[in-house]
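Enquirer: need coordinates for the below:
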Amino acid sequence: MSAIILAGGKSARMKENKALLPIQGIPLIQRISQNLEHHFQEIIISAQSAELFAFLPYRVVVDEQPGQGPLMGILCGLEASTNPVNFLIACDIPEIDIPFLHRMMAYTHQYEIVVPLTGEDKYEPLFAFYNKSVIPRIKNLLKQQTRQIIQLFPLAQVKYIPLENTGWYYNLNNPVDYQKYIQSLINRLSSR
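Expert: Numbering: from 1, shown residues only. The predicted structure follows:
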């Protein structure tokens, strides 16, 4: 299995590149890759610029058509991957619950997509497993100018797994999210 870190977004709400935000002295994307590297044979970074992530020891794939959103990033990452099963994670998710990841992994031989569900019609498509078999369907969606990842779900065999958030799942979309996360880290470290 491969892991693909999506780092090609505009970070508009954060007003700076989310992938490079410092977390305990290292860029967020480096923290994510360190969390993943013992669980996957290959790590790929999907980004708009290869130079930006040259400091990491991983292959960087650049979107074929920039500005097409995360669906294009998923497509380019899947095409570059050497494995049929791929874990996709956004560059703004600083923590990974490894038992939950393994629970998701267990369904990847039966389903094309394994995605967490956080409520009714609330999915986490950028913390999910995708099989390379969905590549033609992603291409068709992009040809039709469809960029929403969830439009792919009705076209594939999908396993939805409830994500009972026990406090580990953070999504750093804006400066407030980032500050809350940093504060939670400080609190956890000081309570040890």
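Enquirer: please make it C-alpha for all contacts and neighbour counts, starting now.
Expert: Noted.
Enquirer: what comes into contact with stretch 178-192?
Expert: Contact partners of stretch 178-192, identified using C-alpha atoms under 8 Å, 6 or more residues apart in numbering, comprise 23, 170, 172.
Enquirer: TSV for the residues you listed, including pLDDT?
Expert: Shown next, in TSV, are the contacts of stretch 178-192 (pLDDT from 0 to 100):
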residue	pLDDT
Ile23	92
Tyr170	85
Leu172	91
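Enquirer: which helix runs longest in this structure?
Expert: For the chain, the longest helix by residue count, based on DSSP state H, is helix 175-190.
Enquirer: list the buried residues for that one?
Expert: 178, 181 (16 or more other C-alpha atoms under 10 Å).
Enquirer: what mean pLDDT does that helix have?
Expert: The average pLDDT for helix 175-190 rounds to 88.
Enquirer: how about the helices in this protein?
Expert: Applying DSSP H to the chain gives helices spanning 28-36, 70-80, 98-105, 135-143, 175-190.
Enquirer: among these, which comes closest to Lys18?
Expert: Lys18 sits nearest to helix 28-36 of all those, at 7.3 Å, using C-alpha to C-alpha.
Enquirer: shaky segments in this protein?
Expert: Across the chain, the ranges flagged by pLDDT under 70 are 10-12, 66, 165-166, 192.
Enquirer: how close does the residue nearest the centre of it get to Ile96?
Expert: Geometric centre of the chain, nearest residue: Ile89, 1.2 Å, by C-alpha atoms, centre = their mean. Ile89 sits at a distance of 10 Å from Ile96 (criterion: C-alpha to C-alpha, to the nearest Å).
Enquirer: could you pull out the strands in this protein for me?
Expert: For the chain, the strands defined by DSSP state E occupy 2-6, 22-23, 26-27, 42-47, 59-62, 85-90, 113-119, 122-123, 127-131, 158-162.
Enquirer: tabulate those (TSV), appending distance to Arg137.
Expert: Shown next, in TSV, are these (distance: least, C-alpha to C-alpha, whole Å):
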stretch	distance to Arg137
strand 2-6	19
strand 22-23	36
strand 26-27	34
strand 42-47	19
strand 59-62	20
strand 85-90	16
strand 113-119	12
strand 122-123	19
strand 127-131	11
strand 158-162	14
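Enquirer: just give me the neighbour total for Lys15.
Expert: 11 (other C-alpha atoms under 10 Å).
Enquirer: wait, what's in contact with the closest residue to Thr108 other than its chain neighbours?
Expert: With C-alpha to C-alpha, 6 or more residues apart in numbering as the criterion, Thr108 has its nearest non-adjacent residue at 6.6 Å, and that residue is Val114. By C-alpha under 8 Å, 6+ apart, Val114 lies in contact with 104-105, 107-108, 128-130, 158-161.
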